[in-house]
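# Make a model of this:
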Amino acid sequence: MNRFIYSYFSSIIFLVFLIATILSPASTFSKISTDGSKFESSFGFEWPIPGYVNISSYFGRRNSPTAGASSYHSGIDISAPEGTPVIAIGDGIVYFAGWGAGGGYTISIQLTKNQYKLSYCHLSPIMFVSTNQKVIKGQVIGTVGPKNVYGIQNNPYKDSNGNPTNGATTGCHLHFTIKENNVAVDPFNYYD
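Here you go, the predicted model:
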């Protein structure tokens, strides 16, 4: 029953996002759009989580925020509430969709026109794509997941109350990684 309710609400969020995307006017933006909704990419990439630009952890060296999290951050963390739609930044093929240990529920995409691999982590377990599926730029692939997840056997990640978390995380956000030739690079190298 809970899965049905969660699926129902995820569908409603998706439809609201789709309608808002179709009806919203295009805007011109430099580094951040005039309405503060995303960064521009000279590479033609979309911003992975439209409407959210607050970066809670940047690429590179950092103090590990929780047990199991790396002190070298392979991507950026974009703060957003649970249920926020997440999109493919370019055309590609999903090569992984499922539980990704420290990344929690993860979708990974190989872009079709270049050597880039993308990972979207800490997503909802209800994903809108599956392994080997083609995706197009701007397509909603999932939503930001909850902090706590249940039913993962031997999940080593826990919050301060001992509840299992969606990978090595302290709260709801999208962890976004770009790999070029299989090496993690700063995503802001691709956003002006």
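# where are the low-confidence patches of this structure?
The model of the chain has pLDDT under 70 over residues 1-37, 61-73.
# what ranges do the strands span in it?
Taking DSSP state E as the test, the strands found in the chain are 55-57, 60-61, 72-73, 76-79, 85-87, 92-99, 105-111, 116-121, 134-135, 140-143, 173-180, 183-185.
# Now render those as TSV, adding distance to Asp192 and mean neighbour count.
Every C-beta, even on glycine, is put in place using the N, C-alpha and C of the backbone. Formatted as TSV, those follow (distance: least, C-beta to C-beta, whole Å; neighbours: other C-beta atoms under 10 Å):
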stretch	distance to Asp192	mean neighbour count
strand 55-57	15	16
strand 60-61	19	11
strand 72-73	21	15
strand 76-79	15	21
strand 85-87	19	24
strand 92-99	21	17
strand 105-111	18	22
strand 116-121	17	23
strand 134-135	24	18
strand 140-143	24	22
strand 173-180	15	22
strand 183-185	15	14
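# Please name whichever of the ones you listed is nearest to Glu46.
When these are compared by C-beta to C-beta, strand 85-87 sits nearest Glu46, at 5.8 Å.
# The closest one pairs with which strands, and in what direction?
Its sheet considered, strand 85-87 pairs with strand 140-143 (antiparallel) by DSSP bridges.
# ok, back up a step: can you lay out the strands of the chain as TSV showing distance to Asn161?
Below are these laid out as TSV (distance: least, C-beta to C-beta, whole Å):
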stretch	distance to Asn161
strand 55-57	21
strand 60-61	29
strand 72-73	25
strand 76-79	21
strand 85-87	27
strand 92-99	21
strand 105-111	20
strand 116-121	22
strand 134-135	36
strand 140-143	24
strand 173-180	19
strand 183-185	31
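# mind checking how far the residue nearest to Cys172 when sequence neighbours are not counted is from Val144?
Closest residue in space to Cys172, ignoring its immediate chain neighbours: Glu82 at 4.7 Å, by C-beta to C-beta, 6 or more residues apart in numbering. Using C-beta to C-beta, to the nearest Å, we find Glu82 at a distance of 6 Å from Val144.
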